[in-house]
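Asks: Just a sequence and a predicted model for now, questions to come.
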Amino acid sequence: MTSVKQVQVTFDCAHPERVARFWCEVLGYVVPPPPEGFATWDDYNRSLPPEDQGSWFACVDPSGVGPRLYFQRVPEGKVAKNRVHLDVRAGTGLVGEERLATLQAECARLVALGAVCVQVLLADEENESCIVMQDIEGNEFCLD
C-alpha cells in the first residue's frame, strides 16, 4: 500500500488570483515562482488562450509544511454552505479570555483584508471559543 505524499486544497471561485492572494495574507503563504520560461505570472497568463487566462492561481506554504492551495475559476457562484472548510489555528494552546482576545485580534486583521465575521462561538463546557468567518468570496472558515 502506498501513502499519500502531498495534499492540495482546491477552492472553486470566480477570481482565482484575488482569492489566492487573500489566503496568502491569511496564512502567510506565498505565490510560487511562475512556470519555467516565464519571468512573471502575467507573462505566463498572456501566453494562454484568452478563455484560459486567469483561470487558476495557487499559493504555497513557504516552509513546505502546509498544503498547497489551488484556486480554479468556475462559472457558478457559491450556493450552499461548504462541506469542507479550513480551520485557521490562531489560538492553539490558548484558553479562556486570552484565547478569545487572540481570536478577536486575528478576526479584525482578516476583516480588514475583506473577510466577514459570521459568528463568535464562546467557550462552553466542551469547546473553547472560535470564530466562524467567510473569505472574500463567501467560503466559510473558522478561526480556531
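Replies: Great, that's in hand.

Asks: which residues touch the closest residue to Val7 other than its chain neighbours?
Replies: Leaving aside its chain neighbours, Val7 sits nearest to Pro67 (4.5 Å; criterion: Cβ to Cβ, 6 or more residues apart in numbering). All C-beta spots, glycine's among them, are computed from the backbone N, C-alpha and C. The contact partners of Pro67, by Cβ atoms under 8 Å, 6 or more residues apart in numbering, come to 6-9, 61.

Asks: And for Gln8?
Replies: By Cβ under 8 Å, 6+ apart, the contact set of Gln8 is 67-70.

Asks: run the last query once more with 6 Å
Replies: 67-68, 70 (Cβ atoms under 6 Å, 6 or more residues apart in numbering).

Asks: Give me the neighbour count for the spatially closest residue to it that is not a sequence neighbour.
Replies: Excluding the flanking residues, the one nearest Gln8 by Cβ to Cβ, 6+ apart is Arg68, at 4.6 Å. When neighbours are counted by other Cβ atoms under 10 Å, Arg68 registers 16.
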